[in-house]
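1. Got a sequence here, can you build the structure:
(chains A and B)
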Amino acid sequence: MTDHQALAADLVVDGLSVAVDGKEILRGVDLTVPAGEVHALMGPNGSGKSTLAYTLSGHPKYAVTGGTATFGGDDLLALPADARARLGLFLCFQYPTAIPGVTTVNFMRAALRAQGKEMPAREFIRRLNEEMAALRIDESFRARYINDGFSGGEKKRAEILQMAMLRPRLSILDETDSGLDVDALRTVANGVTRLAGPDMSVLVITHYPRILEYLKPDRVHILNQGRVILSGGPELATQIEREGYEPIIGPVAAEAGASRTSLTGVVAEAQA
Amino acid sequence: MITGSPPATPAAPAFALAVEERIATAHGWLRDRRQAAWDAFSTMPMPSSQRDEDWRRTDIAKLQLSGFQPSDGIDEPLVNAIRQRRDQGAADAALLLDAAPVTRIEQSDELTAAGVVLSSLDEAARLHPELVERALSAVGVAESPFVALWNAMWSGGAFIYVPRSVHAAVPVWVAHSAAGHRGAAFPATVVLLEDNSSLTLVDDYLSAAGLNEMFSDALTIVVAGRDARLDHCVLQQWGEGVWHVALHRTVLAQNARLRMFGATLGSRLQKAYWEVMLDGPGAEANISGVVFGDGAQHLDHQSLQAHRAPQTTSRLKLKVAVRDHARSVYSGLIDVERIAQQTDAYVQNRNLLLSHGATADSVPRLEIRANDVRCGHGATAGHIDDDHRFYLMARGVTAEDADRLIVHGFLDDALADCPHPGVAALIGELLEKELEGNAQAGIAVVDA
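-> Numbering: from 1, shown residues only, chains lettered A, B, ... in the order given. Okay, the predicted model is just below:
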């Protein structure tokens, strides 16, 4: 990319615990995504993946009860959501919200301005058109209200469009692959790989290994019952595709309801 | 000015002296009409929030009419501010400045050359009594105390007549204004559109910004003939000390079409009736509006979509944002008569509450006596959605800017219905200032 911008930075999550409506969901997450790397976070339903994404992005509903999270050395948890985004964090929403009356064009201009990345109108439109073409988004979307009446696939592509326009330093993709057909998945994944690299790290949250075939993660982490219980290379994703989570997290835990003591046993076993 | 002079007698109704003079100087039918209106008003109790359904949520017990005197016109700086506003919204528009006792008319040559009549209502009542009488007959002399008082009291006023098959090439901007401590205004817009004619009309109510207490009792009557077209914008930007009671009524003959857009920003308290009478088959009305209330404003809109002929269509959409301790009241009726088969009507009112102290009441109603119709209504009220705010903030936009974008988007959806682009841009700018926290009650007046 020709634009001069800050390089990616390290994301360091240490012992992060989070409660939602008084219920503890994350119970001491440890996770490091070094600058410029692509990491995958996998895990069964209810393991806390989306909670981690929302917490790192600063959704006020998620109450941090312990631990730390830093990005490039900055304490994320001390900042409101908008300040985190201005540091270069980007959350690709699993369920993007429709906001009637706010057009994509107006929103992107406001966001770029807020992030100090304002550009002349002509350049803005040129770049928007280029990115839309690359993501196969119809021109009419420029003037449409954000996510209003978009199909599931259109919403996901619109998220990647925002990412491409804003050029974040770290993107967290929250199940961006869910609900996409094979062609849309490839388009979206290409949109991410184009940007990933020294300028942008990626934390991709997913159930399914297929998107990882495109994104080629450097590391794969398994989240279960609110903790990262196992980390490994890309082969871990292949293993999960073949065997499921059960061999890693155990039959009891996989069916949910496992106590923490039994889980600790399983983790020890898995790491052995 | 009569400031400081005591009321005629403690028992006499408000404005008794002024009405006496108006009746004395009127002739024929107008004199009879004023007298009948005054007689009715003298015996009618003021609306009460206990007794009158229309006024149940809007309490005007504090409005003491006896404390007001007819406004004595406006000064040149305010006239200039009004001209500038017209220039901003529709620079080509003819200007009819209704600031009783004088009505000024400017930039009207193009329209008058085409046969359009633009005059004060006073003059029209003398020169074209049959036209004025025809238009005024769309409203009963004493439908309510405020209508009765208006009929007895109006002076100056604006009259527009568009002959058959004439399409007014430029808009008519009718500015209603008043000044003076405890000044009372009786704004009047009376419009007759003959068959197959068309007009773009702006009704603009405004005074200088400030706390000055005034009273505005307004009436707009439009009678539209077959296939006539009216684009009607109503801006209400009275100062924050003004009581504003208004009736806007449009009567549509066969295949006539109304597009109306209202923006309510000003006054301390408003009660405005937006009414359309779909009298001819195929008549169509699209009514939209935006309302922004703040401080302690109380803004009441009551709409009527009266379907009185078959195959008539009406849409009404009112979007309201209220902040601080402002209160919005909306009530609306779709009334379908038995002969009005194949009516297609919808009414919706959406309210956005920007502070915990702000409130919005919404009461849309349907009364349907025909059996082959499509009618519906919708009403919502709520605060800014946390998820909407978070979504925008997750892209770096501050909480304040996120809220502004959301409210803007909420109102823009209705503003897009404004039939005149220049007026839409003007209203958009005023709403922008409201969103920045600057209440737009009254306009800034610079002394030249």
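2. drop to CA atoms for contacts and neighbour counts, all remaining ones
-> Will do.
3. contacting residues for whatever residue of the stretch 301-448 of chain B ends up closest to chain A?
-> Using Cα to the nearest Cα, the single residue of the stretch 301-448 of chain B nearest to chain A is residue B:409, 3.5 Å away. Taking Cα atoms under 8 Å, 6 or more residues apart in numbering or on different chains, we find residue B:409 in contact with A:99-102.
4. Is it in a helix, a strand, or coil?
-> helix (DSSP: H, G, I helix; E, B strand; the rest coil).
5. Tell me how far it lies from residue B:326.
-> Distance, residue B:409 to residue B:326, by Cα to Cα, to the nearest Å: 20 Å.
6. What helix or strand is the one residue sitting closest to the centre of chain A located in?
-> The centroid of chain A falls nearest to residue A:172 when counting by Cα atoms, centre = their mean (2.0 Å). In the assignment (DSSP states H and E), residue A:172 maps to strand A:170-174.
7. List the residues that contact whichever residue of the stretch 1-150 of chain A sits closest to chain B.
-> Closest contact between the stretch 1-150 of chain A and chain B, by Cα to the nearest Cα, is at residue A:101 (3.5 Å). Residue A:101 is in contact with A:145, B:406, B:408-413, counting by Cα under 8 Å, 6+ apart.
8. what's the answer for residue A:138, then?
-> Neighbours of residue A:138 in contact, by Cα under 8 Å, 6+ apart: residue A:132.
9. Give me the distance between it and residue B:38.
-> In this view, residue A:138 and residue B:38 are 64 Å apart by Cα to Cα.
10. can you check residue A:200 too?
-> 77 Å.
11. For residue 234, give me phi and psi.
-> Defaulting to chain A. phi -60, psi -20 (degrees, to the nearest 10).
12. Enumerate every residue touching it.
-> Contacts for residue A:234 (Cα under 8 Å, 6+ apart) come out as A:216-220.
13. make it 7 Å
-> A:217-220 (Cα atoms under 7 Å, 6 or more residues apart in numbering or on different chains).
14. Over to residue A:68?
-> Neighbouring residues of residue A:68 by Cα under 7 Å, 6+ apart: A:13-16.
15. can you list the residues of the stretch 51-200 of chain A near chain B?
-> Residues of the stretch 51-200 of chain A lying near chain B by Cα under 7 Å from any Cα of the partner chain: A:57, A:59, A:81-83, A:85-86, A:90-91, A:97, A:99-102, A:110-111, A:114-115.
16. which ones among those residues are found in strands?
-> When DSSP state E is applied, those are split such that A:90-91, A:99-102 fall in strands.
17. still on that earlier bit, grab the nearest non-local neighbour of the residue of the stretch 1-150 of chain A closest to chain B.
-> residue B:409 (3.5 Å; Cα to Cα, 6 or more residues apart in numbering or on different chains).
18. one step back: got a markdown table for the ones in strands among the residues of the stretch 51-200 of chain A next to chain B, with pLDDT too?
-> A markdown table is the format used below for those (pLDDT from 0 to 100):
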| residue | pLDDT |
| --- | --- |
| A:90 | 98 |
| A:91 | 97 |
| A:99 | 92 |
| A:100 | 87 |
| A:101 | 88 |
| A:102 | 91 |
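19. Quick one: the strands in the stretch 301-448 of chain B, in order.
-> For the stretch 301-448 of chain B, strands defined by DSSP state E, counting those that start in this stretch occupy the ranges B:313-322, B:327-336, B:344-353, B:359-368, B:374-383.
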